[in-house]
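**Q** no sequence for this one, just the structure:
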């Protein structure tokens, strides 16, 4: 049988995969970034065992990507946000983050207790 | 060569398909419905030739669907919203709506000028 | 520091959330179900630490849902598939399944070693 | 009232937006590209008035993108495929393509009759 901390880690992973693959590809600009971030947070917080989701848009990165292209928006992808997700499974907690690592967004467990 | 009104209709279709397939499946509850609706509007308004997008959540339908299930949220799908999209392509306008028709969400052109 | 089994569970969760929210909403019919299942398997198997993904379409359920509606296809959602995902993280394995539970698709860890 | 050719253009747009935003973000590698392309074609061909969808993966572009990164897969986006969609609405036909234009994937109507 999986332990409660293992279940908490599984649930944290589900939330991360859900958030990323639900919203990747969304048209995003500096003006619409805040509403997208809030929708991502509130949507994933609906899922079971999810204590909190925080999405911070990396605005400079977003503006730089748009400046490189010919449109005034781009598609949401991992390098435009830092995300932290906290899960509580029957008292066991897992905290996971998506952060840039050598130019790539990396999802990782940062704390389990 | 396609005419400008035909281009406006094509662009209106793109926006509708984008909105629907980007956001279908998003976890949604009465508490998170407003932020989802706003994110949908602002995301799609980024797309070229898009004048406006309005998303109205059908709250009673959403609450009824959640009441039927065992969770306190559900997945966003067409029957939980009415959507109107206005496109202006070089002065030609197309207006399209998604509305319920005999129990199914139907996307249709309502005006081209 | 998270343990290797906890990391394996986190990675299994990521794969499940990814698979579900990438493909939920895809138009699907009995004729297109096989290609969708294969694409889901091969797409998610690209992800790190993923040993295997198997997607079995629940054909009777799919046909019944289509028979109820006015179209000859429907949108992919959890009740139309059983999914098993196996992850190997540095020698620690996690196996997770999505199966129907009281009418709802439930993702759960079935084995960690 | 919209004309039949305008309806055909609207329907072609819906298919393009659907295809793009359903599948953008899917993990893809040279090995999994064929199953993804087939699933995209068969999924969208389910939609009303859709005569055919052809997706050709731009393999050199896909391999180059993966070679630049640290993983052996990437996320599907418009620059990795050329797509043609044919719609027949009550005898009026619209043909649309997604092709690269100055480094960007552009969806455009190529023929209406």
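**A** Ah, there it is. The structure presented is a predicted model; accordingly, all values stated were derived computationally and were not measured.
**Q** Residue A:42 belongs to a helix?
**A** Yes. Counting by DSSP: H, G, I helix; E, B strand; the rest coil, residue A:42 falls inside a helix.
**Q** residues touching the nearest residue to it once chain neighbours are set aside, list them.
**A** Take residue A:42 and drop its neighbours on the chain: the residue closest to it by C-beta to C-beta, 6 or more residues apart in numbering or on different chains is residue B:32, 3.8 Å away. Where you see a C-beta, it was placed from the backbone N, CA and C, and this is true even at glycine. By C-beta atoms under 8 Å, 6 or more residues apart in numbering or on different chains, the contact set of residue B:32 is A:39, A:42-43, A:45-46, B:73.
**Q** try it again with 6 Å
**A** With contact taken as C-beta atoms under 6 Å, 6 or more residues apart in numbering or on different chains, residue B:32 is in contact with A:42-43, A:46.
**Q** Which one (most neighbours) among those residues?
**A** residue A:43 (28 neighbours; other C-beta atoms under 10 Å in any protein chain shown).
**Q** Would you confirm that that one contacts residue B:26?
**A** Yes. Here residue A:43 lies in contact with residue B:26, judged by C-beta atoms under 6 Å, at a distance of 5.0 Å.
**Q** okay, and the common contacts of these two?
**A** With contacts taken as C-beta under 6 Å, 6+ apart, residue A:43 and residue B:26 have no neighbour in common.
**Q** about what we covered before: between the contacts of residue B:32, which is nearest residue A:98?
**A** Nearest to residue A:98 among the contacts of residue B:32, counting by C-beta to C-beta, is residue A:43 at 15.6 Å.
**Q** Give me every residue in chain A lying close to chain D.
**A** When proximity is defined as C-beta under 6 Å from any C-beta of the partner chain, chain A approaches chain D at A:21, A:24-25.
**Q** hey, where'd the helices end up in chain A?
**A** A:4-23, A:33-45, A:59-68 (DSSP state H).
**Q** Of all these, which one is nearest residue C:90?
**A** Taking C-beta to C-beta, helix A:4-23 is the member of the helices of chain A nearest to residue C:90, at 14.3 Å.
**Q** so who does the closest residue to residue A:45 other than its chain neighbours touch?
**A** Nearest residue to residue A:45, sequence neighbours excluded (C-beta to C-beta, 6+ apart): residue A:53, at 5.3 Å. Contact partners of residue A:53, counting by C-beta under 6 Å, 6+ apart, are A:41, A:44-45, A:85.
**Q** Next, the buried residues of stretch A:71-90.
**A** A:73-78, A:80-83, A:85-87, A:89 (16 or more other C-beta atoms under 10 Å in any protein chain shown).
**Q** avg pLDDT for that stretch?
**A** Mean pLDDT, stretch A:71-90: 96.
**Q** any bit of it sitting next to chain B?
**A** Yes. Using C-beta under 6 Å from any C-beta, a contact is recorded between stretch A:71-90 and chain B, made by residue A:73.
**Q** Does that stretch reach chain C?
**A** No. Under the criterion of C-beta under 6 Å from any C-beta, stretch A:71-90 makes no contact with chain C; the nearest approach is 9.4 Å.
**Q** go on, stretch A:15-22?
**A** Yes. Contact of stretch A:15-22 with chain C (C-beta under 6 Å from any C-beta) involves A:16-18, A:21-22.
**Q** a markdown table please, covering those and showing neighbour count and pLDDT.
**A** Converted to a markdown table, the residues of stretch A:15-22 next to chain C look like this (neighbours: other C-beta atoms under 10 Å in any protein chain shown; pLDDT from 0 to 100):
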| residue | neighbour count | pLDDT |
| --- | --- | --- |
| A:16 | 26 | 97 |
| A:17 | 26 | 98 |
| A:18 | 29 | 98 |
| A:21 | 26 | 98 |
| A:22 | 29 | 98 |
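**Q** check these against chain B, which are close?
**A** residue A:22.
**Q** Save the residues of stretch A:15-22 next to chain C as JSON lines, and put in distance to residue C:68 too.
**A** JSON lines is the format used below for the residues of stretch A:15-22 next to chain C (distance: C-beta to C-beta, whole Å):
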{"residue": "A:16", "distance to residue C:68": "34"}
{"residue": "A:17", "distance to residue C:68": "30"}
{"residue": "A:18", "distance to residue C:68": "27"}
{"residue": "A:21", "distance to residue C:68": "28"}
{"residue": "A:22", "distance to residue C:68": "26"}
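**Q** which one of the residues of stretch A:15-22 next to chain C sits closest to chain B?
**A** For the residues of stretch A:15-22 next to chain C, the closest approach to chain B (C-beta to the nearest C-beta) belongs to residue A:22, at 5.6 Å.
**Q** give me every residue that touches that closest one.
**A** For residue A:22, the contact set (C-beta under 6 Å, 6+ apart) comprises B:26, C:21.
**Q** try it again with 8 Å
**A** Shown in contact with residue A:22 (C-beta under 8 Å, 6+ apart): A:40, A:43, B:23, B:25-26, C:21.
**Q** and the gap between it and residue D:78?
**A** Plainly put, residue A:22 is 19 Å away from residue D:78 if you go by C-beta to C-beta, to the nearest Å.
**Q** Could you find the closest non-adjacent residue to residue A:24?
**A** residue D:25 (3.3 Å).
**Q** Likewise for residue A:78?
**A** Per C-beta to C-beta, 6+ apart, closest to residue A:78 is residue A:105, 2.9 Å.
**Q** Tell me how many other residues crowd the residue of chain A found nearest chain C.
**A** Relative to chain C, the nearest point of chain A is residue A:13 (2.2 Å; C-beta to the nearest C-beta). Neighbourhood size, residue A:13 [other C-beta under 10 Å]: 31.
**Q** I'd guessed it sits against residue C:18; true?
**A** No. At 9.2 Å, residue A:13 does not count as touching residue C:18 under the criterion of C-beta atoms under 8 Å.
**Q** Contact partners for the most centrally placed residue in chain A?
**A** Centroid-nearest residue in chain A: residue A:83, 3.9 Å away (criterion: C-alpha atoms, centre = their mean). Counting by C-beta under 8 Å, 6+ apart, residue A:83 touches A:16, A:19, A:40, A:53-56, A:97-98.
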